[in-house]
Every structure is written in structure tokens, then in C-alpha cells.
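Q: Here's my sequence, what's the structure:
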Amino acid sequence: MSPEADWLQGPGAHAQDTLTPHFLDSIVVESPLPDPFVPVVQWIFQKPSWVMISGIVIGAIVAVSLLVLIWRRHAAIARWLGTRERIVKLGMLGAVGAILLLMVGTGVGAYNYMMHDNDFCKGCHIFVPSGQAFVKPDTGTYLLVNAVEGAHDSLGCHACHPFEIKAQTKELLYWIADRPEEIPPHAKVPRRTCEECHVTGAAKETWQRVASTAGHRVHLESDSSALKDVACLTCHARTAHRFQPADTTCAQKGCHLTDEVKIKLGRMAVRFTPENIDPNEEELYCNSCHQFTAEAQFVTLDSAGNTLRPGEGQCFGCHEMRDLLASFDPARDPHSGSCGMCHNPHVDVKPTDARKSCADAGCHADWRGVAFHVGKAHRKVAEQCRTCHDPHAARVDASDCTGCHTAVRKGDRRSKPPLPFDTLRALQQSLLPVEPRPDTTGPRTHSLVDPGRSRGRGDEAFPEEPPGWPVSQTATLADTFSHRTHRELACITCHSTSSRTNDLTFQPPRGCQICHHQRPAKTDCAACHEAGEIAPAHPATVRVSVPRESPRDRPVGFEHASHADISCTECHVTPVSLEPEEPVTTCTACHDDHHAAGLDCAACHRTEGIIEAHAPPIDAHRACDECHTAATVAALEPTRSFCLACHPSETDHYEQKECSVCHLQATPGEYRARLTGGEP
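A: Residues are numbered from 1 along each chain as shown. Alright, predicted model coming up:
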């Protein structure tokens, strides 16, 4: 049995096909009928070195001795040939010609066999098919190499390994003298040899398609120092004669070392550990995640590099990932399903490690250029991306402030969340006493929000104040701005997300008035200004002047209820603010001539100052024009309300009667003339 046949009968072993990525059983490859010269060549090249060297030496000695013998006797040989008959000479000449022709034919055949027949190489090499275990035969010393696979299996060895007499002679002498058991390091096949077929030869159309894939573009077109010397066979033929790249190709020294590319993320790390893998169980490989052959012809080199990052299709190729991300919605993912943009399974240990990559250069390093992030409202949490942005659905609707704030409050965030919408309730709850934590002593309080930060909807009453709740606290926590009333407006109408100095888009109260006082004549003021707000008397100042006395300012109380029959816009006329102008605030706009009969004098003149000014010995019931203007006094009528201005204690004294009838024996009209001129 030939050495090759012995090897084919060797024990099998599990092999790992890195292209399909599966474990393969040993494949028993039936050998074709051996070339008739293979045993001869193997017999010659498998002889021990001392036999081959001895044979060469002996052959050389015999050849030299024969030549010397012929040279010494060439004269006698010539005379002997000259004495032969003509027929003998022709026969001898024909024999010599036949021998020479046989030698030439044998030489040409031998040359063709050595140069073009791969069986000649089997004298020193055994070619191991894919999936076959490497088992050395016991019939000689052979160099085991992988069998040529794919489209190259029809090529002759010298198609890629050009014959050079000097190099081949050196290799032959090295084989005879040393008989190595392993192939020593040697130069790769020159790149120009590959290009003769793949760039300019018959396979150029196929090469143009292959060269446009993402992996080839990144490795062959990049001008980085790490890739400047990359050639075809840097990756192809990492294992001799197997031109399909394998994982060992990526992990070769100087490229992607094994320790650097080992998967560390989650359960994938366990699957990547060889000792945990059973034969025929799928394992993770470089091409399982990296789309080396993805089309990238009409994109930039950077885009071609991004294509190599694992995407949704690759990650969801694992059952574990489909289970873990069952609710994943690619339509909401702003990263277009490119998982590898954030998750690096070679360095990340857990999925949350991807947070470190958010602000890396090339991703979101320009986040400070977004006004929403650096405005006063969000700048304190701007670097805590996941406070607002959820992984796999990171787009945020900036107009949905309520939804975002509510979601953040409910989420389990380590960072300090933003204020809830109903801040009055939050402030009240923040002061509720609760039980201390096991690791603390003494009572503590909730810390939902910091007191003083109220911006929320404070118009909702606290449902039940707990026992011991300080009443004063409820009053101090009041928030007069009603978010409920403004719920139809977008939050950003009033709240600024881009200003570095302000939380609001306006300065209150003028900013509020710009909206609410646009059409005062057509607006129902009571819709905003409730009765409880305008019920208290508003202070006003009235300046009183009498002859021979300095003017005096008197505070009076303005009551809206007394003026209910008057339109608001008759008094509130200042643009935007709708503040009343000075004639209104001093009451003179309406009450300058206010001494007509039937008016309630006591409503304004019932003060201690009036009573003191008219105390005896002054006769306050007659000759009023001695101090007051005669025209003013002439308009007065001493009705009950006129009297109560100085006699407020008599309010309930015969309240249906006129005072002058009993005390001055005259009706108010009859006594009116006595107020002027000192008439009795």
C-alpha cells in the first residue's frame, strides 16, 4: 500500500469549518488511481538521506570514470569503428540516434511531468483534504499540507509557485540533506502572481465584484499604517492552499490577536469558550457578526467600515438575542439597527457598558451643540444620557415634556430625576416624616424634589393632610400658576429648553399678560380672575383738599363687588398689564363729583380723621362752607348715611329713620339750606 493510502486509512478527528461555522466529522476521501510514476517518485525521494547522497556520489563517480575511460581510449575506439562494415556503421548510428531520441523524449516527458503534473510533488508532500485529520504516514518523511481547494484545485503547482532553477535546486538539496519534517518559513506567493488571474486575467470580472465588498475595501484601500502592507495572501492562504479565510486569518499576529477579539459580552462569552462547545454545536465566528462580504461599492471607505459592524441581522441570528430583545422595534431605533455602533462584544462585559460609547468621537461627541442639552432646564443631567434616552429607542419627543418627566420618575434611574408635573403634591410629600432606613438613625423625610423648585401644577388640593401636618406648610407651598388651566398649550410655549440662563420663555408677570390681555374687551376676565381673588378690598389712596388746609392723602378700600355693574375695561385700560391709570386708582376718574343726593357718604367718609376734625366746639351741623367749598356743600344733603359718617356707632339706631327728623326737627331736604351761610 502506498504511503498516501496508508494516510487515508488513518483515524479521523473532528475538524472545524470556519466558513460555514460548524464542526465537521472526518471525511474519508477516496484517492483516485495513482499516477504510475508516483510510486517511483516516492521511492526515489523517500530513500534515506545517506542512500540518496551515496547514490548521487556513486553515480557521479561512475559517470566521471566512464568519461575518463572513453577519453583515454577514444583513438582505439575510433579506429575500431572505422574498420567496421558500412551496414554495421549504419546500424550503430541508428542505435545511437534511437538512444538519443529516447533520452530527449524521456527528458521532455520528465520535464513536463515535473513542471505540470502535481503528482510529482507527492514524492515529498501529502495533500490533506478539508475535514481530514493530519496523520503522518509511517512509510517515510512527508511534508503534510492542505489540499488545494475551490477554483484552484485544477491549477498546477507551478501556476502559483513559479519554477526557478536556483531556488528549486536549493530546495532539492535541502530536502536531500536535511529531510525536514515541517515546512520552514518561506516567502508568500508574489502578489503579481495572483493579479495575473484575478486582476488582468480570466477571473478579473469576479475580482471586481469581490473587491467591492466591505471587508476587501477596508483592508485593501485604507492608507493606515496597520494595513499598508496587506496583500491578498495576508488573509488568503493563512493555511496553505486553503484560500477561503478562516478565523485564524483574522487573529494572526499583527492583525487581530486572539486575546483582543475574544467575545466577553454576556452569554456569548460562554459560547465562545472552546471547552464549553460540543462537536456539531454552532459556535460564534468572525463572519457570524461581521459582514465581510456585504456590498459596499458605491459608498465611502468610512461607510464600508461601518458595514463591518454587527447589525440587527447578525445579532438576531442568535436565539438568545431574539429572546432578550423580543420587544425591540427597529423603527424606533435611531442607530438603524447597527448594534455594533454601541456594543463591542470584544471589550464589553455587560450590555450597560455600551453607555460609555455614547459621547465617543464619531457618535454623539457633538451633544453640546444641541441647545436642548445645554439649556438651563436640562444641563445638570445632560451627561446622563439614559435619564431621558432609552437604549434601542433613543429618540425623544421634545414636545412631550409631561410624558418624559413621568417616565423618568417611574423608571429606576440612579441619576436625580426631573421634577414631576404636580410639584405641589411632591413638595408636600417631601416633608412627610417616614421611618428611618436601617443604616440611619432618627427620622428622615422624602426627597422627591428640593423645596423651592416648584414649577408644576399646584392647583390640586392635597387629598388628606396626615396627622400633625403643619398648616403653615400648606400655605407656603401654594403654587398660584395653574398647569391644568394651560394644559392645551405645549410646555415649551412657556418653558425654555435652550436658554442658558432662563427656565421660562418670558419674564412674569408681563409675559403672562402678553398672552392673557391681548383682547381685553372680548375676554371674560372672570374666567381667570376668580371671585376669591378679587373679593378682598384693594387699597387705594385719595387726596382730600379743603380750604385753608394742606391736602391730605387718605387710604380707602376699593371693592369690586360695589362696582359690579361697570365693565372691567372702563377702569383697566393700560396696554398689556391692564393696570388702572392714575385717575382710576385715586377714584377721581369716577368720583370727582360725588356729592349728589342718594349716595352713601359713610362708605368713604367714615374715618377717625373726619370725626376728629368735626369734634366740638365746631358745629358740624351748619355753616360747612366756612371750611369746604360752597359749591361742594351746596350739593350735600344731610341724609342718614351723611350722619353715619361721623356717628358710626348709631348704625343700628332706628335704621329705617332719617336722623335729621328727630335730632334736627327737619327733613334732610329742609335742613340742607342750613349747611351753608350759617342760616339757623
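
Q: Any stretches of the stretch 551-680 of the chain with poor pLDDT?
A: 592-593, 596-598, 602, 677-680 (pLDDT under 70).

Q: Quick one: the strands in this protein, in order.
A: Applying DSSP state E to the chain gives strands spanning 15-17, 22-24, 125-128, 143-146, 433-434, 444-445, 538-544, 552-558.

Q: Identify the residues contacting residue 145.
A: Taking Cβ atoms under 8 Å, 6 or more residues apart in numbering as the contact definition, residue 145 lies against 125, 126, 127, 128, 183, 240, 241. C-beta coordinates here come from the backbone N, C-alpha and C atoms, glycine included.

Q: Separate out the buried members of those residues.
A: Applying a neighbour-count criterion of 16 or more other Cβ atoms under 10 Å, the buried members of these are 125, 126, 127, 128, 240, 241.

Q: so which of the contacts of residue 145 would you say is closest to residue 55?
A: When the contacts of residue 145 are ranked by distance to residue 55 (Cβ to Cβ), residue 125 comes first, at 21.7 Å.

Q: circling back: let me know the closest of the buried ones among the contacts of residue 145 to residue 617.
A: The shortest distance between residue 617 and any of the buried ones among the contacts of residue 145, using Cβ to Cβ, involves residue 240 and amounts to 136.4 Å.

Q: The closest one and residue 359, how far apart?
A: The span separating residue 240 from residue 359 equals 46 Å under the rule Cβ to Cβ, to the nearest Å.

Q: quick one: least confident of the buried ones among the contacts of residue 145?
A: Among these, residue 240 carries the lowest pLDDT, at 71.

Q: Name the nearest residue to residue 151, ignoring sequence neighbours.
A: Leaving out its chain neighbours, the residue that sits closest to residue 151 by Cβ to Cβ, 6 or more residues apart in numbering is residue 203, at 7.7 Å.

Q: Let me know the distance separating that neighbour from residue 188.
A: Taken as Cβ to Cβ, the spacing of residue 203 relative to residue 188 amounts to 19 Å.

Q: With residue 586 instead?
A: 104 Å.

Q: for residue 670, same thing?
A: According to Cβ to Cβ, residue 670 and residue 188 sit 136 Å apart.

Q: quick one, which of residue 586 and residue 188 is more surrounded?
A: The neighbour count for residue 586 versus residue 188, taken as other Cβ atoms under 10 Å, is higher for residue 586 (17 against 13).

Q: Surely that one and residue 551 touch.
A: No: proximity of residue 586 to residue 551 does not meet the contact threshold set by Cβ atoms under 8 Å, at 11.8 Å.

Q: Quickly list what's touching both of these two.
A: For the pair residue 586 and residue 551, residues contacting each of them under the criterion Cβ under 8 Å, 6+ apart are residue 543.

Q: how far away is residue 617 from residue 648?
A: Residue 617 sits 22 Å away from residue 648, going by Cβ to Cβ.

Q: Neighbour count: these two, which is higher?
A: Legend: neighbour count by other Cβ under 10 Å for residue 617 and residue 648, higher for residue 648 (13 against 4).

Q: Can you give me the neighbour number for the residue nearest to the more buried one when sequence neighbours are not counted?
A: With Cβ to Cβ, 6+ apart as the measure, residue 606 is the residue that lies nearest to residue 648, at 5.2 Å, once sequence neighbours are left out. Under the neighbour criterion other Cβ under 10 Å, residue 606 is assigned a count of 17.

Q: before we move on, what about residue 589?
A: Applying the criterion other Cβ under 10 Å, we find 15 residues in the vicinity of residue 589.

Q: wait, isn't residue 367 in contact with residue 359?
A: Yes: with contacts defined as Cβ under 8 Å, residue 367 counts as touching residue 359 at a distance of 6.1 Å.

Q: Can you check which residues contact both of the two?
A: Taking Cβ under 8 Å, 6+ apart as the contact rule, the neighbours common to residue 367 and residue 359 are residue 385.

Q: residue contacts, residue 666?
A: Residues 660, 674 are the ones in contact with residue 666 under the rule Cβ under 8 Å, 6+ apart.

Q: Could you check how far it is from residue 606?
A: 23 Å.

Q: What ranges in the stretch 1-150 of the chain fall below the confidence cut-off?
A: Across the stretch 1-150 of the chain, the stretches falling below the confidence threshold (pLDDT under 70) are 1-35.

Q: Show me the helices in it, by range?
A: Assigned by DSSP state H, counting those that start in this stretch, the stretch 1-150 of the chain shows helices spanning 3-8, 38-45, 49-72, 74-82, 86-116.

Q: Tell me which of those helices sits nearest to residue 398.
A: Nearest of the helices of the stretch 1-150 of the chain to residue 398, taken as Cβ to Cβ: helix 3-8 at 71.1 Å.

Q: Next up, phi/psi of the residue sitting furthest away from the middle of the chain, please.
A: In the chain, residue 83 marks the outermost C-alpha relative to the chain mean, sitting 105.0 Å out by Cα atoms, centre = their mean. According to degrees, to the nearest 10, the main-chain angles of residue 83 amount to phi -90, psi 0.

Q: so where do the helices sit in the stretch 251-400 of the chain?
A: Listed from the start of the chain, the stretch 251-400 of the chain has helices (DSSP H, counting those that start in this stretch) covering 258-261, 268-271, 286-289, 301-307, 312-315, 319-324, 371-374.

Q: Can you lay out the ones you listed as JSON lines showing mean neighbour count and distance to residue 60?
A: Supplementary listing: those in JSON lines, determined by neighbours: other Cβ atoms under 10 Å; distance: least, Cβ to Cβ, whole Å:
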{"stretch": "helix 258-261", "mean neighbour count": "12", "distance to residue 60": "51"}
{"stretch": "helix 268-271", "mean neighbour count": "14", "distance to residue 60": "63"}
{"stretch": "helix 286-289", "mean neighbour count": "19", "distance to residue 60": "54"}
{"stretch": "helix 301-307", "mean neighbour count": "16", "distance to residue 60": "61"}
{"stretch": "helix 312-315", "mean neighbour count": "18", "distance to residue 60": "65"}
{"stretch": "helix 319-324", "mean neighbour count": "12", "distance to residue 60": "70"}
{"stretch": "helix 371-374", "mean neighbour count": "16", "distance to residue 60": "88"}
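
Q: need those in TSV with mean pLDDT, can you?
A: Below are the helices of the stretch 251-400 of the chain laid out as TSV (pLDDT from 0 to 100):
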stretch	mean pLDDT
helix 258-261	73
helix 268-271	76
helix 286-289	82
helix 301-307	87
helix 312-315	83
helix 319-324	78
helix 371-374	84
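
Q: And those: which comes nearest residue 231?
A: helix 301-307 (18.3 Å).

Q: gap between stretch 43-58 and the chain center?
A: Chain-centre distance of stretch 43-58: 70 Å, with Cα atoms, centre = their mean, to the nearest Å.

Q: How about residues contacting that stretch?
A: Counting by Cβ under 8 Å, 6+ apart, stretch 43-58 makes contact with 3, 123, 124, 139, 140, 141, 142, 175, 176, 177, 178, 179, all of which sit outside it.

Q: Just the buried ones out of the residues you listed, please.
A: In terms of neighbour count (16+ other Cβ under 10 Å), the buried residues within the contacts of stretch 43-58 are 3, 123, 124, 140, 141, 142, 175, 179.

Q: Rebuild those as CSV, extending it with distance to residue 227.
A: Supplementary listing: those in CSV, determined by distance: Cβ to Cβ, whole Å:
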residue, distance to residue 227
3, 42
123, 40
124, 36
140, 42
141, 39
142, 37
175, 36
179, 39
